[in-house]
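Predicted structure and sequence below. I'll ask about it afterward.
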Amino acid sequence: MPALFDHHRRVLPTEIDPQGHANNVAYVQWMQEAALAHSAAQGWPPQRYRERGVSWVARSHFIEYRRPAFADEELIIRTWVATMQRCSSLRRYQILRAAGEVLLAVAETNWAFVSLAEEKLCRIPPEIAESFQVLDRGLKE
């Protein structure tokens with residue numbers, strides 16, 4: 001169970017804004033893709049959560065942009081779980097240009113764990129929490 005998870009993807013032409021670089025909204029999508037891929041790799045794909053009647057929902061996002069991403073560039077969205085609390089989890093990200101692992105952005109999402117039937121926060125079951133190694137220190141930027 002590695003703490004760090006690398007999600008690889010290419011910047012799509014449809015993600016480019018009028019300034020010629022990746023739109024800021026694309027970064028949030030990439031973060032979500034990486035979180036879902038990491039969860040699935042740890043044995044928790046979306047369907048397994050749905051079968052249990054639970055889900056993760058975003059409470060907040062923070063992104064600090066360092067350098068732009070451009071069409072057709074290969075990216076690495078590196079993610080890890082920084083905290084696992086009773087009903088929430090903080091996930092951090094580094095968005096890197098794959099060539100040379102140039103840091104493009106640092107980010108985090110505060111995820112809340114919810115019951116789908118009750119539409120409210122619920123406790124993260126131990127079998128889910130234990131599926132993720134918590135890396136509570138930051139990475140070099």
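Nice, thanks for sending it over.

any idea where the strands of the chain begin and end?
5-10, 54-65, 74-84, 88-97, 102-115, 120-121 (DSSP state E).

now those in CSV, with distance to Ala129, mean pLDDT and mean neighbour count?
(Glycine included, C-beta is placed from N, CA and C.) Below are these laid out as CSV (distance: least, Cβ to Cβ, whole Å; pLDDT from 0 to 100; neighbours: other Cβ atoms under 10 Å):
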stretch, distance to Ala129, mean pLDDT, mean neighbour count
strand 5-10, 16, 98, 16
strand 54-65, 12, 98, 14
strand 74-84, 5, 98, 21
strand 88-97, 8, 98, 21
strand 102-115, 9, 98, 19
strand 120-121, 15, 98, 12
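
Nearest to Glu33, out of those strands?
strand 5-10 (6.1 Å; Cβ to Cβ).

ok, residues contacting that closest one?
Applying Cβ atoms under 8 Å, 6 or more residues apart in numbering, the external contacts of strand 5-10 come out as 30, 33-34, 37-38, 41, 72-80, 98.

That strand pairs with which strands, parallel or anti?
Sheet pairing of strand 5-10 (DSSP bridges) gives strand 74-84 (antiparallel).
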